[in-house]
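>>> My questions are about this predicted structure, shown below with the sequence.
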Amino acid sequence: MLAGVAVPASAALVEPEPLRLAAGCALGWCLLALAWIDARELRLPDALTLPLLLGGLVEAALLEPSRALDRSIGAIAGYAFFRAVAAGYAWLRGRAGLGAGDSKLLAAAGAWLGWQALAWLVLLAAMAALALILIDGYCRGRINASRRVPFGPFLAFATWLMWLLIP
């Protein structure tokens, strides 16, 4: 019965656990805020990335204790991987190319999704970023290698999509 209306068993709605629903809403709104801020200001503030990281670990401990280790490893691996990429880029190009905020956001994504999802998440985010850059370059008639592109919105998009798709 849904709001006084009988619903056939085949059309019954599956109600998510209230805590998981609240956690998913917090994740989504935080990712949206981070994407917006990074798109406008080219920065991902610690005031949002660090609580998001902690929230993923707490959500795992409370709702999925069997995955808490995977998600802790995901947080560490996500941060370490992007810091290594940033260091390698800076060494090769002589300038920064990936900010610490991106590393913290990938760490948060690892805390929410687990280490197993990180490779797919980075691939999805990179493909989305590349598609937007190519479309923008086609529309404007040029692609500039020195153009700064915020990667946070693409990480946020990929994280949210994978959160919705991974059971």
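Arrived safely.

>>> Which residue is the nearest non-sequential neighbour of residue 20?
On the basis of C-beta to C-beta, 6 or more residues apart in numbering, the spatially nearest residue to residue 20 that is not a chain neighbour turns out to be residue 63, at 5.7 Å. Bear in mind the C-beta positions are built from the backbone N, C-alpha and C, glycine included.

>>> That neighbour: neighbouring residues, count only.
For residue 63, the tally of surrounding residues (other C-beta atoms under 10 Å) stands at 13.

>>> Repeat that for residue 127.
Summarising burial for residue 127: neighbours were counted as other C-beta under 10 Å, giving 12.

>>> May I see the buried residues of stretch 64-79?
For stretch 64-79, burial by neighbour count (16 or more other C-beta atoms under 10 Å) applies to 67, 68, 70, 71, 72, 73, 74, 75, 77, 78, 79.

>>> Okay, helices next: where are they in this structure?
18-41, 46-63, 68-93, 100-113, 118-140, 152-165 (DSSP state H).

>>> Between those, which one is closest to residue 146.
Among those, the nearest to residue 146 by C-beta to C-beta is helix 68-93 (10.2 Å).

>>> Tell me the gap between the closest one and the middle of its chain.
14 Å (C-alpha atoms, centre = their mean, to the nearest Å).

>>> ditto for stretch 67-80
13 Å.

>>> Kindly report the same for stretch 64-71.
18 Å.

>>> follow-up on the earlier one: put together CSV for the buried residues of stretch 64-79, with distance to residue 128 on each row.
Putting the buried residues of stretch 64-79 into CSV (distance: C-beta to C-beta, whole Å) gives the following:
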residue, distance to residue 128
67, 26
68, 29
70, 25
71, 23
72, 27
73, 25
74, 20
75, 22
77, 21
78, 17
79, 21
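
>>> What helices and strands are in contact with the helix or strand of the chain with the lowest mean pLDDT?
Across the helices and strands of the chain, the lowest-confidence element by mean pLDDT, DSSP states H and E is helix 118-140, at a mean of 92. Using 3 or more C-beta pairs under 8 Å, 6 or more residues apart in numbering; DSSP states H and E as the contact criterion, the secondary-structure elements in contact with helix 118-140 are helix 68-93, helix 100-113, helix 152-165.
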